[in-house]
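K.L.:
my questions are about this predicted structure, shown below with the sequence.
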Amino acid sequence: MNEQQQLLPLFEVFVRSKRGLDHKHVGSLHAENPEQALEYARDCYTRRSEGVSIWVVKSSDITASQEEDARSFYDPMDDKPYRHAMHYQLPEPVNNM
Amino acid sequence: MTEFSVNDAELEKRFQDRVDDEQKIEPKDWMPEGYRKNLIRQISQHAHSEVIGMQPEGNWISRAPTLRRKMILLAKVQDEGGHGLYLYSAAETLGASREEMVEALHEGRAKYASIFNYPSLTWADIGTIGWLVDGAAIVNQISLQRTSYGPYSRAMIRICKEESFHQRQGYESLIALAHGSAEQKAMAQDALNRWWWPSLMMFGPHDAESAHSGQSMKWKIKRKSNDTLRQDFVDQTVPQADFLGLEIPDPDLKWNEERGHYDFGEIDWEEFQRVISGDGMCNRDRVATHKKAHDDGAWVRDALRAYEAKKANKSEAA
Amino acid sequence: MTTDQTALLQYALGEADDALILGQRLCEWCYHAPYLEEDLALANVSLDFLGRAQNFYQYAAQLDPQQRTADQLAMLRDSREFRNLLIVELPIGDFAFTMARQFLLDCFYVEFMTALQGSADPNMAGIAAKAIKESQYHLRRSHEWLLRLGDGTEESHRRMQIALDQIWGYTMEMFENSPAENELLAEGIAVDRSALKPAWDTRVNTALVEATLSRPEDGWSVRGGRDGIHTEHHGHLLSELQFLQRAYPGLEW
């Protein structure tokens, strides 16, 4: 496919559904530039007032971890139970800590 | 670090274990080529169905009988486009480009739901499409919320949330007709007569004859078989037709106490084959309409790119 | 019914008709836009105008001595009774024509609705307060499209310039007060359309320069919409719009 035939670039869309919450990935769309992507995100992903704030990011600008990274990235975290609250047994009277 | 260089058989086993364990497959995960292809086929077909489905209903936007109905219908048809977008977006995570998918549609290599090859002739068709066609789609889509591919599953969850408005608006507009004049009631019955069987066809061939079903079930791309979904649909729809006082055009339709389901007649599979292979009333027109809009828009897309390039040049020069 | 109320009914109907006819035209783009995202965006603009039409018709229905409903006002009046401006009834043409019209109207509506928010009539002011937000977004979109198409390719520039030349003569009507409006001006209910022209000119001229487009000559202009004298396109539009209510009179849908 040559350059001319290619569609507009792909953008990933993130929507904050209400104040106090994180932006959440909702999907993608094609647009010429970030400004247009933002408007299309408004028209395509918030038709039912799903958002109070939108981020758009060119898909090609995202660096993602790969599945083969998983073992070295995440598995070593699995053996650190002391990072989790439930690791600590406290007596009943003070257990709502 | 031998663990990193496992062979395909081992990767495939890990993949299947993950699927069997009801974990989602995500875009960057290793997946069998067949799984990827099967998914792209199914998701793009689903996306095309949403987008081509805009046509029979969009056909009545300009003629909707009241301001409220007009806005509802436009919003509904717009939603179908939105659902197409969510699905194209899910397919794109698998490496298929929108352009390739659209091209496959125009060249007849990609299919879409055959039901949209029937014409929408009266206003009652709009309510009936919402009730039956969206109803059938929901039955299918609810089961697909649990599909094994993450982006597809998430698109389905989003779509199901919006889709219930579609079915309800259709049914509500049919209630108005069913409680209306004799002419309106006849219009509703006529629409049901024409759309009933095509709606049942939406679930595809019998399980025994379904080409992709076995593998799709194993990979949990599909979660329920064609015949199971079709039965679910019939069971939920018959009481709704009764409530409207409309008659389902099937002499064999009756409640089977023993099975706890409705029995129903056999689909005309010849017609199913005929329409799906391109000889329905609207097949050519639907694709031609989509292609024309796409072709007519080429100069607009060119202008966008050219303008953006000029802007980039200017900011570089500055 | 006082003269004032007659004038107010005419005023509300004019705005309702403008919004309905434009909304009806815009929804013709549904599944015909240059690409999917734009299809959805255009449908939103159309929905805004249809919603605006409904608001104005509902208010008009309250003022109507014949006690017609909003739908009856929209679906059962004939062409000669419609009060919409000619510019909104013209066929959609190509994407350049649609966007050129939209831009020229959006520039107008941003000024008009801002002024109407200050109307002494609380109903009109209330509808305007909602409409202004919509129009600001519409203008953001149509302004960007004017730039992209004007300064895009040779082809898009050519189409945009042709579109402007074709529409230009229909823009003057936006700035002419109808007799009803003149009557309501004194009470601070109606907006003085002629007073909006300089601000509109500034907006349009600036954008045209940026888009490398020429402003057409002011030589010709047509009018008649507010008197029910419409283009030949109008009757065909109504025959679609009103089909069901005409073919099956008096039914609930």
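P.N.:
Thanks, I have it. Residues are numbered from 1 along each chain as shown, chains lettered A, B, ... in the order given.
K.L.:
show me the shaky parts of the stretch 1-150 of chain B.
P.N.:
Within the stretch 1-150 of chain B, the segments meeting pLDDT under 70 span B:1-5.
K.L.:
swap the cut-off to 80 and go again
P.N.:
Residue ranges of the stretch 1-150 of chain B with pLDDT under 80: B:1-6.
K.L.:
swap in chain C?
P.N.:
For chain C, residues meeting the criterion pLDDT under 80 lie at C:1-3.
K.L.:
can you do 70?
P.N.:
For chain C, the ranges with pLDDT under 70 are C:1.
K.L.:
and it, which of its residues are near chain A?
P.N.:
With Cβ under 8 Å from any Cβ of the partner chain as the criterion, chain C meets chain A at residues C:35, C:36, C:37, C:38, C:40, C:41, C:44, C:140, C:141, C:144, C:148. Every C-beta, even on glycine, is put in place using the N, C-alpha and C of the backbone.
K.L.:
which ones among those residues map onto strands?
P.N.:
Within the residues of chain C next to chain A, no residue falls in strands by DSSP state E.
K.L.:
out of the residues you listed, which is nearest to residue B:91?
P.N.:
Closest approach between those and residue B:91, by Cβ to Cβ: residue C:36, at 13.1 Å.
K.L.:
look up how far chain B lies from the closest one.
P.N.:
Residue C:36 is 6 Å from chain B, where distance means Cβ to the nearest Cβ, to the nearest Å.
K.L.:
please tell me I have it right and that residue contacts residue B:80.
P.N.:
No - checked against Cβ atoms under 8 Å, the pair residue C:36 and residue B:80 is beyond contact range at 10.6 Å.
K.L.:
anything in contact with each of these two?
P.N.:
Common contacts of residue C:36 and residue B:80, defined by Cβ atoms under 8 Å, 6 or more residues apart in numbering or on different chains, comprise residue B:51.
K.L.:
isn't residue B:69 right up against residue B:173?
P.N.:
Yes - contact criterion Cβ under 8 Å: residue B:69 and residue B:173 qualify, at 6.7 Å.
K.L.:
what's the overlap in contacts for these two?
P.N.:
residue C:253.
K.L.:
other SSEs contacting the lengthiest helix in chain B?
P.N.:
When chain B is parsed with DSSP state H, its longest helix is helix B:150-178. Judged by 3 or more Cβ pairs under 8 Å, 6 or more residues apart in numbering or on different chains; DSSP states H and E, the packing partners of helix B:150-178 are strand A:23-30, helix B:67-92, helix B:123-128, helix B:134-144, helix B:182-201, helix B:226-244.
K.L.:
is the most centrally placed residue in chain A bridged to anything, and to what?
P.N.:
In chain A, the residue lying closest to the centroid (Cα atoms, centre = their mean) is residue A:25, at 4.3 Å. Under the criterion DSSP bridges, residue A:25 forms beta bridges with residue A:14.
K.L.:
and the pLDDT for it?
P.N.:
Note on residue A:25: pLDDT of 95.
K.L.:
do residue A:68 as well
P.N.:
According to the prediction, residue A:68 has pLDDT 73.
K.L.:
that one: how many residues sit nearby?
P.N.:
15 (other Cβ atoms under 10 Å in any protein chain shown).
K.L.:
ok, now residue A:61?
P.N.:
Neighbour count for residue A:61, taken as other Cβ under 10 Å: 9.
K.L.:
need the residues of chain A near chain B, please.
P.N.:
Within chain A, the positions near chain B by Cβ under 8 Å from any Cβ are A:1, A:4-8, A:10, A:26-30, A:32-33, A:44, A:47-48, A:64-68, A:71.
K.L.:
only the buried subset of these, as a PyMOL command please.
P.N.:
Buried residues within these, by 16 or more other Cβ atoms under 10 Å in any protein chain shown, are selected in PyMOL with:
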select buried, chain A and resi 7+8+10+26+27+28+29+30+32+33+44+47
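K.L.:
also near chain C: which of the residues of chain A next to chain B, exactly?
P.N.:
Among the residues of chain A next to chain B, the residues that sit close to chain C (Cβ under 8 Å from any Cβ) are A:7, A:8, A:29, A:30, A:32, A:44, A:47.
K.L.:
residue C:178 and residue C:17 touch, don't they?
P.N.:
No - at 11.8 Å, residue C:178 does not count as touching residue C:17 under the criterion of Cβ under 8 Å.
K.L.:
deepest in the core, which of the helices and strands packed on helix B:150-178 is it.
P.N.:
Of all those, helix B:123-128 carries the top mean neighbour count, a mean of 26, counting by mean count of other Cβ atoms under 10 Å in any protein chain shown.
K.L.:
quick check: nearest residue in space to the closest residue to chain B within the stretch 51-200 of chain C, chain neighbours excluded?
P.N.:
For the stretch 51-200 of chain C, the residue closest to chain B is residue C:152, as judged by Cβ to the nearest Cβ, at 2.9 Å. Once flanking residues are discounted, residue C:152 sits nearest to residue B:303: 2.9 Å by Cβ to Cβ, 6 or more residues apart in numbering or on different chains.
K.L.:
mind checking which of the residues of chain C next to chain A land in helices?
P.N.:
With DSSP H as the criterion, helices contain C:36, C:37, C:38, C:40, C:41, C:44, C:140, C:141, C:144, C:148 from among those.
K.L.:
return a PyMOL selection command for the buried portion of those residues.
P.N.:
In PyMOL, this line selects whichever of those come out buried by 16+ other Cβ under 10 Å:
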select buried, chain C and resi 36+37+38+40+41+44+141+144+148
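K.L.:
chain A contacts on chain B?
P.N.:
Proximity of chain B to chain A (Cβ under 8 Å from any Cβ) is limited to residues B:3-4, B:28-30, B:75, B:78-79, B:82, B:85-86, B:89-90, B:92, B:97-100, B:155, B:158, B:162, B:301-302, B:304-305, B:307-308, B:311.
K.L.:
tell me which residues touch the residue nearest to residue C:152, please.
P.N.:
Contacts of residue B:303 by Cβ under 8 Å, 6+ apart are C:148, C:149, C:152, C:153, C:155, C:156.
K.L.:
residue contacts, the fifth one?
P.N.:
To tie it back to what came earlier, the one meant is residue C:155. Residue C:155 touches B:299, B:302, B:303, counting by Cβ under 8 Å, 6+ apart.
K.L.:
any idea which of the residues you listed is the one closest to chain C?
P.N.:
Closest approach to chain C among the contacts of residue C:155 (Cβ to the nearest Cβ): residue B:303, at 2.9 Å.
K.L.:
list the buried ones in the helix or strand where the closest one lies?
P.N.:
For residue B:303, the element it lies in under DSSP states H and E is helix B:298-317. Within helix B:298-317, the residues that count as buried by 16+ other Cβ under 10 Å are B:299, B:300, B:301, B:302, B:303, B:304, B:305, B:306, B:307, B:308.
K.L.:
how about the third one: what's its closest non-neighbour residue?
P.N.:
Read that as residue B:301. Sequence neighbours aside, residue C:34 is the residue nearest to residue B:301 in space, at 6.0 Å (criterion: Cβ to Cβ, 6+ apart).
K.L.:
and the fourth one, by the same measure?
P.N.:
Ranked by Cβ to Cβ, 6+ apart and with sequence neighbours excluded, the top spatial neighbour of residue B:302 is residue C:153, at 5.3 Å.
K.L.:
output the below-cut-off pLDDT ranges for chain A.
P.N.:
In chain A, residues with pLDDT under 70: A:1-6.
K.L.:
ok, longest helix in it?
P.N.:
Chain A, longest helix under DSSP H: helix A:34-45.
K.L.:
returning to what we had before: the longest helix of chain B to helix B:182-201, inter-axis angle?
P.N.:
Angle, helix B:150-178 to helix B:182-201, by axes from the mean of the first three to the mean of the last three Cα atoms, to 10 degrees: 150 degrees.
K.L.:
and the contacts of the one helix or strand residue B:55 maps to?
P.N.:
Assigned by DSSP H and E, residue B:55 belongs to helix B:54-58. With Cβ under 8 Å, 6+ apart as the contact definition, helix B:54-58 has outside contacts at B:73, B:76-77, B:80-81, B:84, B:116, B:118-120, B:125-126, B:129, B:282, B:286, B:289-290, C:30-31.
K.L.:
if we go to 10 Å?
P.N.:
The set of residues external to helix B:54-58 that reach it, using Cβ atoms under 10 Å, 6 or more residues apart in numbering or on different chains, is B:61, B:73-74, B:76-81, B:83-84, B:115-121, B:125-126, B:129-130, B:133-134, B:166, B:170, B:282, B:285-286, B:289-290, C:27-32, C:36, C:39, C:43.
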